[in-house]
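Engineer: Compute the structure for the input listed below.
(chains A and B)
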Amino acid sequence: AQSVAQPEDQVNVAEGNPLTVKCTYSVSGNPYLFWYVQYPNRGLQFLLKYITGDNLVKGSYGFEAEFNKSQTSFHLKKPSALVSDSALYFCAVRDRWGKTGANNLFFGTGTRLTVIP
Amino acid sequence: DSGVTQTPKHLITATGQRVTLRCSPRSGDLSVYWYQQSLDQGLQFLIQYYNGEERAKGNILERFSAQQFPDLHSELNLSSLELGDSALYFCASSPRDVQGAVDEQFFGPGTRLTVL
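Structural biologist: The predicted structure follows:
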């Protein structure tokens, strides 16, 4: 079965500092991995995805994520945090076609990022 | 704005009642997904439809059902409601559902259901 773990419920970082939000995954084969962000009273917004190829994926709003197969991780990063980045971040995994016949996402429990001015 | 619309935004009802949540996917998207977000369970996949047919089921209770209509909008029906059904229900859509496609899902703003 597929699953993702976000080991930190809360991450605090000072504005201008680099930020990292951690995610590890578990799938039986090669994964498709996603990051979404949720602002208060809003739906989830897609940030980026990893399918294959380059381990460093660039996404929206200056975010990037690094896929590490040996550590089964897909950490979200940003070189310089903004106060407006404060939100709830979700990592998600999707199994490859053929194993379940479906492409629904399995989400982590979320990490609340607070950027301190 | 993702292009996915959900109605109503808020719904307050009593235990034992039945409600219907509605979702209109982005123009051209054939797949619709329903997710439930609650404090204790996190974000959980309920069910997926593709072009009118059920494609996958997740942690959906037997009291819940869904369908996707010919115009591709979808409805999630929740019956015999319990206090524990109080949650935020999201609909998401994606363009395709074919082997090799890895389309991201676009989420609606959600319907907040409160069961009293």
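
Engineer: so how far is A:Gly110 from B:Ser38?
Structural biologist: Relative to A:Gly110, B:Ser38 is positioned 12 Å away (criterion: C-beta to C-beta, to the nearest Å). To be clear about C-beta, it is placed using only N, CA and C from the backbone, and glycine gets the same treatment.

Engineer: what about those two, which has more around it?
Structural biologist: The residue with the greater number of neighbours, taking B:Ser38 and A:Gly110 and applying other C-beta atoms under 10 Å in any protein chain shown, is A:Gly110; the counts read 22 against 15.

Engineer: Next, that one: phi, psi?
Structural biologist: Backbone dihedrals for A:Gly110, given as degrees, to the nearest 10, come out at phi 90, psi 150.

Engineer: Over to A:Phe46?
Structural biologist: On the backbone of A:Phe46 - angles per degrees, to the nearest 10 - the values are phi -70, psi 130.

Engineer: show me the contacts for it.
Structural biologist: A:Phe46 sits next to A:Phe34, A:Trp35, A:Tyr36, A:Ser60, B:Glu104, B:Gln105, B:Phe106 when contact means C-beta atoms under 8 Å, 6 or more residues apart in numbering or on different chains.

Engineer: which of the residues you listed are buried?
Structural biologist: Taking 16 or more other C-beta atoms under 10 Å in any protein chain shown as the criterion, what is buried in the contacts of A:Phe46 is A:Phe34, A:Trp35, A:Tyr36, B:Glu104, B:Gln105, B:Phe106.

Engineer: Does the residue of chain B found nearest chain A belong to a helix, a strand or coil?
Structural biologist: Distances from chain B to chain A, computed as C-beta to the nearest C-beta, single out B:Ala56 as the nearest residue at 3.1 Å. The local conformation at B:Ala56, judged by DSSP: H, G, I helix; E, B strand; the rest coil, is strand.
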